[in-house]
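*Asks:* sequence isn't available, so here's the structure alone:
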């Protein structure tokens with residue numbers, strides 16, 4: 001057993017010695033002054049480029065995307081690639097939209113149509129295709145004397161929910177608004 005123990009100790013000593021030799025060889029190959037090391041890599045063009053651009057994923061739409069989806073929205077432009085200096089971003093937040101609609105309904109019941117109108121507009125910022133916000137906004141636009149904007153939002157509601165709970169009211173309002181504009185236009189002649 002002592003012979004095995006002696007062999008293990010000897011092999012362990014050889015391993016430690018070889019590691020020390022490897023470390024000393026590595027230390028000799030690297031520059032001892034850190035400022036020299038930084039100066040050698042600072043001027044290289046690779047040091048000024050971001051590594052994240054190398055692993056960038058292509059998010060551009062397929063070539064035939066516009067033909068296959070004619071009613072689709074335009075693709076989102078990457079902020080780095082756009083020429084605009086400042087871009088505003090609003091997160092899609094349906095909870096905030098619901099809260100804005102609730103507050104808008106409160107103002108609407110109190111007949112404060114301008115405040116309700118602003119809250120419904122805020123709701124559409126956070127959830128652009130909200131049918132109820134469009135319908136309520138149209139009602140407020142009509143009450144505040146903006147029939148053209150009201151017609152836009154009634155139409156938007158019908159586009160989103162053609163058979164929704166307010167579809168009949170929206171349709172009647174559109175007919176009424178078209179009738180009102182038809183009555184006003186011959187009077188101007």
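*Replies:* Arrived safely. This is a predicted model, so every value here is computed, not measured.

*Asks:* isn't residue 117 right next to residue 142, touching?
*Replies:* No. With contacts counted by Cβ atoms under 8 Å, residue 117 stays clear of residue 142, the gap being 10.3 Å. Using the backbone N, CA and C atoms, a C-beta is placed for each residue, glycine as well.

*Asks:* more neighbours: these two, which one.
*Replies:* residue 117 (23 against 20; other Cβ atoms under 10 Å).

*Asks:* which secondary structure element is home to the more buried one?
*Replies:* According to DSSP states H and E, residue 117 maps onto helix 113-126.

*Asks:* report the buried residues of that helix.
*Replies:* Buried residues in helix 113-126, defined by neighbour count with 16 or more other Cβ atoms under 10 Å: 113, 116, 117, 118, 119, 120, 122, 123, 124, 126.

*Asks:* now do that helix: everything it contacts.
*Replies:* 90-94, 96-98, 100-101, 103-108, 130, 133-134, 136-137, 140-141, 143-144 (Cβ atoms under 8 Å, 6 or more residues apart in numbering).

*Asks:* just the mean pLDDT for the top helix by length along the chain, thanks.
*Replies:* Longest helix in the chain, counting residues (DSSP state H): helix 2-29. Over the span of helix 2-29, the pLDDT mean works out to 81.

*Asks:* pull the number of nearby residues for residue 159.
*Replies:* Residue 159: 11 neighbours (other Cβ under 10 Å).

*Asks:* I misspoke; the intended subject was residue 105.
*Replies:* Residue 105 has 15 nearby residues by other Cβ under 10 Å.

*Asks:* quick one on the thing from earlier: quick one: distance of the longest helix of the chain to the chain centre.
*Replies:* 58 Å (Cα atoms, centre = their mean, to the nearest Å).

*Asks:* same check on stretch 159-170?
*Replies:* 28 Å.

*Asks:* for that stretch, buried residues please.
*Replies:* Within stretch 159-170, the residues that count as buried by 16+ other Cβ under 10 Å are 161, 166, 167, 170.

*Asks:* residues contacting the third one?
*Replies:* Read that as residue 167. Contact analysis of residue 167 by Cβ under 8 Å, 6+ apart lists 157, 158, 161.

*Asks:* same for the helix or strand containing the first one, what does it pack against?
*Replies:* Secondary structure assigned from DSSP H and E places residue 157 in helix 147-160. Helices and strands in packing contact with helix 147-160 are listed as helix 131-143, helix 167-188; criterion 3 or more Cβ pairs under 8 Å, 6 or more residues apart in numbering; DSSP states H and E.

*Asks:* comparing those, which comes out most buried?
*Replies:* helix 131-143 (a mean of 24; mean count of other Cβ atoms under 10 Å).

*Asks:* what is the mean pLDDT for that one?
*Replies:* Helix 131-143 comes out at a mean pLDDT of 97.

*Asks:* figure out how far it is from the centre of its chain.
*Replies:* Worked out by Cα atoms, centre = their mean, helix 131-143 lies 26 Å from the chain centre.
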